[in-house]
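here you go, sequence then predicted model.
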Amino acid sequence: ASVVGLQTRAGAGLSLVGRLAEGSSKETAKGAILTAYTTPSGLAAMVQSLSYVPPATAASKLVIQVPTATPVGENFTLSPTLAMFLPTLGLLSENFAVISSATPQEAVDIASLAYKVTDTHVVHLFDHHGATRELGHVFKTPSTLYEDPVPFKQALSKAGYNFFDYYGDKGAHTVLALLNGPIALALRALLKGVPGVGVLIVRVLRPWNEEALRQALPETVKTVHVFDDVPSETTQGTLSMDVFSALFDPSKQSPLVKSHRITPTRTQEFI
């Protein structure tokens with residue numbers, strides 16, 4: 001495949017949209033499956049342009065691979081924060097699925113899956129800050145990933161993954177919800193066996209599946225603490241709003257949703 005270097009600046013992403021749009025190009029007529037490799041900050045700059053991307057097909061779609069490693073602070077220390085991108089999530093076209101992986105095996109599976117879906121463009125966020133930079137892993141790629149292209153939801157299920165994963169007490173009254181990544185995996189390990197507490201790991205941010213979220217949580221849950229990556233404490237987190245909308249039910253007592261805004265500095269402290 002040919003590789004083209006692009007700059008991240010105003011209008012970033014328009015060249016990708018143009019390449020996928022219908023036109024007279026003989027290459028476009030044959031279809032195009034494009035891959036863009038960019039940072040969370042680069043993706044945030046591209047979001048507005050991506051609103052013009054044409055609908056995905058099996059032969060024409062865009063896959064954006066995003067290593068979650070962002071330079072922060074005066075020393076530009078690399079951090080797995082997504083604070084630069086997540087506030088722009090509401091502007092992203094509905095033609096995109098946004099999925100996050102944490103472990104090396106998961107990153108390989110999701111990266112492969114992205115090229116097999118027929119009904120959506122894909123943004124794949126993976127933990128390049130830590131896990132996927134490790135060497136020495138033995139990978140197993142499910143053969144189902146190499147069958148005929150399928151819709152996103154079906155592809156995810158065939159690969160053995162869910163929109164949400166719940167770990168912890170099946171009768172928990174308190175749940176911590178956060179995006180799939182290194183902190184989520186750490187919480188999963190730290191809270192193993194702790195009574196009354198669970199961890200909800202969000203793997204798919206878009207399309208947002210409210211029914212899958214409600215099914216993943218125990219019926220006993222009273223409080224859900226949502227951890228949002230935000231650039232500043234004055235920024236409203238996207239994930240907490242999504243969780244609140246999924247759990248709010250005026251006909252009965254809904255779980256209390258508490259938002260915790262995690263800035264890049266706090267992410268570094270947690271790591």
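Noted; the coordinates are in hand.

tell me which residues touch the residue nearest to Pro55 when sequence neighbours are not counted, please.
Spatial nearest neighbour of Pro55, excluding adjacent residues (Cβ to Cβ, 6 or more residues apart in numbering): Asn95 at 5.6 Å. For the C-beta atoms, the positions are set from N, CA and C on the backbone; glycine is no exception. Residues in contact with Asn95 (Cβ atoms under 8 Å, 6 or more residues apart in numbering) are Val53, Pro54, Pro55, Ala56, Thr120, His121.

swap in Phe227?
Contacts were defined as Cβ under 8 Å, 6+ apart; by that measure Phe227 touches Leu176, Ala177, Leu178, Leu179, Ile183, Leu239, His260, Ile262.

low-confidence ranges in the chain?
Judged by pLDDT under 70, the chain has its weakly predicted residues at 22-31, 142-147.

going along the chain, name the strands of it.
Using DSSP state E, the strands assigned to the chain run over residues 33-37, 61-67, 70-72, 77-79, 96-101, 121-126, 164-168, 174-179, 197-202, 204-206, 223-229, 256-262.

please identify the most buried of those strands.
Mean neighbour counts were compared across the strands of the chain using mean count of other Cβ atoms under 10 Å; the top stretch is strand 121-126, at a mean of 25.

bridge partners for Gln65, pull those for me.
In this structure, Gln65 has beta-bridge partners Tyr37, His124, where bridges are defined by DSSP bridges.

one more: Val202?
Each beta-bridge partner of Val202 is listed here, defined by DSSP bridges: Phe164, Leu179.

report the contact partners of it.
The neighbourhood of Val202, defined by Cβ under 8 Å, 6+ apart, consists of Ser100, Phe163, Phe164, Ala177, Leu178, Leu179, Asn180, Leu239.

the fifth one reaches Val226, doesn't it?
If I follow you right, that is Leu178. Yes: look at Leu178 against Val226 with Cβ atoms under 8 Å: they come within range, at 7.2 Å.

who touches both of the two?
By the contact definition Cβ under 8 Å, 6+ apart, Leu178 and Val226 are jointly contacted by Leu239.

ok, the closest residue to Thr132 other than its chain neighbours - contacts?
The shortest distance from Thr132 to any residue other than its chain neighbours is 4.7 Å, reached at Ala107 (Cβ to Cβ, 6+ apart). The neighbourhood of Ala107, defined by Cβ under 8 Å, 6+ apart, consists of Ser101, Phe126, Asp127, Ala131, Thr132.
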